[in-house]
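Undergrad: Next comes the sequence, and after it the predicted model I'd like to discuss.
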Amino acid sequence: MDTLTDRQQAILGFVTAHVAREGMPPTLAEIAREFGFRQARSAQAHLQALEAKGALVLLAGKSRGIRLTNPPAPPGGLALPVLGAVAAGQPIGDAEFEGQLLLDRALFFPRPDYLLRVRGDSMRDDGIFDGDLIAVHRTPEATDNQIVVARLDGELTVKRLRRRRDRITLLPRNPDHAPIEVPAGAVFAIEGVYCGLVRRG
């Protein structure tokens, strides 16, 4: 990372501390208020300079669209990227980065690699509801009846896995939704297994 000016170091420190304290980056308005800038675009200019020096990445179109290159993680904690969204209903398109959360490592088993935001209610009987963040351990392997994040013909979904000798079925946990039979010849892969969830008020 290139050398930062004193002001850039101060802004990076503020963003880092905000992420450590709140679990999410500050808005441009919060940065402007902290440093006495009259307009949010002044904060944006400093963030762009920090991005050019490799200290962070800016995500267009998001109110808290700052991703730290080296996010803080407290002792025993995890800094997990939040991706959104995965369908608990029908499969949806590739998830996009939404930010990061700092969470207690002890909340999950096995150790998760990322969080996915759930859309839909097909897993409600397993206690997974629309808007929940599910923790996912990245692995291509899963056992029968595990909750998995699966990719079917390029689309992601969260379901229970049922393996039989001649077929694979993705099972919802809501009688209003039909099982998804994986057709012969379909492009299918397990992206990871469920290892807990975060429900934010």
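TA: Yep, it's here.

Undergrad: Now tell me which helix or strand of the chain has the poorest mean pLDDT.
TA: strand 96-104 (a mean of 77; mean pLDDT, DSSP states H and E).

Undergrad: and the angle from the very next helix or strand once past it to strand 96-104?
TA: Per DSSP states H and E, the first helix or strand lying C-terminal to strand 96-104 is strand 114-119. If you take axes from the mean of the first three to the mean of the last three CA atoms, to 10 degrees, strand 114-119 sits at 120 degrees to strand 96-104.

Undergrad: and strand 114-119, what does it pack onto?
TA: strand 77-87, strand 133-138, strand 155-164 (3 or more CB pairs under 8 Å, 6 or more residues apart in numbering; DSSP states H and E). C-betas here are computed from N, CA, C, even on glycine.

Undergrad: Return the alpha-carbon coordinates of the first one using CSV.
TA: Spelled out, that is strand 77-87. Backbone C-alpha positions of strand 77-87 (Å, rounded to 0.1, in the frame of the first residue of the first chain) are rendered in CSV as follows:
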residue,chain,number,x,y,z
GLY,A,77,-13.7,-12.9,15.9
LEU,A,78,-14.4,-13.3,12.2
ALA,A,79,-14.6,-10.6,9.6
LEU,A,80,-17.1,-12.1,7.1
PRO,A,81,-18.1,-10.7,3.8
VAL,A,82,-21.9,-10.3,3.3
LEU,A,83,-23.1,-11.4,-0.1
GLY,A,84,-26.7,-11.0,-1.2
ALA,A,85,-28.8,-12.7,-2.0
VAL,A,86,-29.5,-16.4,-2.2
ALA,A,87,-33.0,-17.7,-2.8
